[in-house]
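Engineer: this one's sequence-less:
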């Protein structure tokens, strides 16, 4: 499943991309948007977005945990919006996650993973691109 990620606020999308790319399970699954149409009927995206190739389960869980952890480390105010192919938007705000304890962060990451890549997602589009 392809998801589009945008970052609004004082955190740039390239910082999030670098953070996500440090995880071995996410390498090759996160890239900068290049203006292509991502979903049927989409108008295209700008270069300041990220594209994630995700699957339900492990990869989505790693992605969600990394997004929550990145948001918690930000000093300013950032909003990370993840848009699924069906147009559903999931938003994480650094201001809302900064004060979470370890259990709350883990719970949020599990919830985010379930929302970002639901079990009914198409498995055909989850393979990472060839390097």
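Structural biologist: Looks like it arrived, so ask away. Worth saying up front: this structure is predicted, and the values here are computed from it rather than measured.

Engineer: isn't residue 109 up against residue 63?
Structural biologist: No - applying C-beta atoms under 8 Å as the test, residue 109 and residue 63 come out as separate, 9.1 Å apart. In short, each C-beta sits where N, CA and C put it, glycine included.

Engineer: where exactly do the helices run in this protein?
Structural biologist: Here the chain has its helices, by DSSP state H, at 13-21, 58-73, 94-97, 102-116.

Engineer: and the second one, what other elements does it pack with?
Structural biologist: To tie it back to what came earlier, the one meant is helix 58-73. The contact analysis (3 or more C-beta pairs under 8 Å, 6 or more residues apart in numbering; DSSP states H and E) places helix 58-73 against helix 13-21, strand 78-83, strand 89-93, helix 94-97, helix 102-116.

Engineer: for residue 69, which residues are in contact?
Structural biologist: The contact partners of residue 69, by C-beta atoms under 8 Å, 6 or more residues apart in numbering, come to 19, 105.

Engineer: where in this protein is pLDDT low?
Structural biologist: 10-11, 34-47, 120-131 (pLDDT under 70).
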